[in-house]
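Undergrad: Just to be clear, the model below is a prediction. Sequence and coordinates:
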Amino acid sequence: MRKTLIASLLLGLVSTAALAAMNPMVGGSEMFPAKNIVENAMNSKDHTTLVAAVVAAGLVDTLKSAGPFTVFAPTNEAFAALPAGTVENLLKPENKAMLTKILTCHVIGAKAMAADVMSMVKADGGMHKVKTVGGCELTLKVDGDKVTVTDEAGGVAIVTIADVAQSNGVIHVIDKVLLPKM
């Protein structure tokens with residue numbers, strides 16, 4: 001009886017751990033692999049600025065489509081670190097083209113989990129260049145146990161939460177907004 005109870009408790013812990021690994025928490029909400037990028041991002045309290053920008057740029061339907069996509073998703077704090085007034089200015093209708101360019105420079109037209117990124121970086125001798133759907137070139141590197149993403153302007157973002165699986169790809173949460181060459 002005691003062995004059965006212990007086995008049941010261990011199985012419960014393993015099952016809970018497996019579910020947690022499959023559905024990471026982002027912005028205080030569980031992310032579900034059966035939902036698409038937009039559906040999950042809308043539930044993250046850390047990505048309200050990103051969601052507002054995606055809506056303003058008219059990219060909702062694109063990011064709800066089949067994909068696959070890899071999205072490097074900057075947090076609200078990442079947007080807040082931009083110079084004062086930048087986000088408000090980008091959200092204006094007359095700046096939709098620039099906003100779209102910035103946002104699509106965060107998206108790769110393939111599903112690349114962290115293990116895939118690390119393999120590509122290793123195979124390329126320490127860094128891997130990748131084109132985004134917005135035409136930007138990002139440089140992916142591994143620094144210890146962290147993946148970094150360098151944009152065309154020289155800014156470096158750190159992946160803070162990797163492998164948030166989506167029905168149409170994967171999200172990697174980053175701590176900076178990636179910018180195209182100006």
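TA: Structure's in. What do you need? Residues are numbered from 1 along each chain as shown.

Undergrad: Could you list the alpha-carbon positions for the helix or strand containing F79 in PDB?
TA: F79 belongs to helix 76-80 when assigned by DSSP states H and E. The C-alpha coordinates for helix 76-80 follow below in PDB (Å, rounded to 0.1, in the frame of the first residue of the first chain):
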ATOM      1  CA  ASN A  76       6.600  45.200 -22.300                       C
ATOM      2  CA  GLU A  77       9.800  46.200 -20.500                       C
ATOM      3  CA  ALA A  78      11.700  45.800 -23.800                       C
ATOM      4  CA  PHE A  79       9.400  48.200 -25.500                       C
ATOM      5  CA  ALA A  80       9.500  50.600 -22.500                       C
END
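
Undergrad: Quick check: what element follows it along the chain?
TA: Moving toward the C-terminus from helix 76-80, the next helix or strand (DSSP H and E) is helix 86-90.

Undergrad: Can you point out the buried residues in the helix holding F79?
TA: N76, A78, F79 (16 or more other C-beta atoms under 10 Å). Glycine gets a C-beta too; all of them are placed from N, C-alpha and C.

Undergrad: same deal with stretch 160-168?
TA: For stretch 160-168, the neighbour count (16+ other C-beta under 10 Å) marks T160, I161, A162, D163, V164, A165, Q166, S167, N168 as buried.

Undergrad: Pairing partners for the top strand by length along the chain, with directions?
TA: Determined from DSSP state E, the single longest strand within the chain is strand 156-166. Under the criterion DSSP bridges, strand 156-166 sits next to strand 146-150 (antiparallel), strand 169-174 (antiparallel) in its sheet.

Undergrad: and the first one, how far out from the chain's middle?
TA: Read that as strand 146-150. Centre-to-centre, strand 146-150 and its host chain are 12 Å apart (C-alpha atoms, centre = their mean, to the nearest Å).

Undergrad: Show residues contacting it.
TA: Applying C-beta atoms under 8 Å, 6 or more residues apart in numbering, the set of residues contacting strand 146-150 from outside is 72, 114, 117-118, 121, 138-142, 156-159, 162, 172, 174, 178.

Undergrad: Restricting the selection to alpha carbons, write that strand to PDB.
TA: Output of strand 146-150 as PDB, limited to C-alpha atoms (Å, rounded to 0.1, in the frame of the first residue of the first chain):
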ATOM      1  CA  LYS A 146      21.800  31.600 -23.100                       C
ATOM      2  CA  VAL A 147      20.900  32.300 -26.700                       C
ATOM      3  CA  THR A 148      21.400  35.900 -27.900                       C
ATOM      4  CA  VAL A 149      20.000  37.600 -30.900                       C
ATOM      5  CA  THR A 150      21.800  40.500 -32.500                       C
END
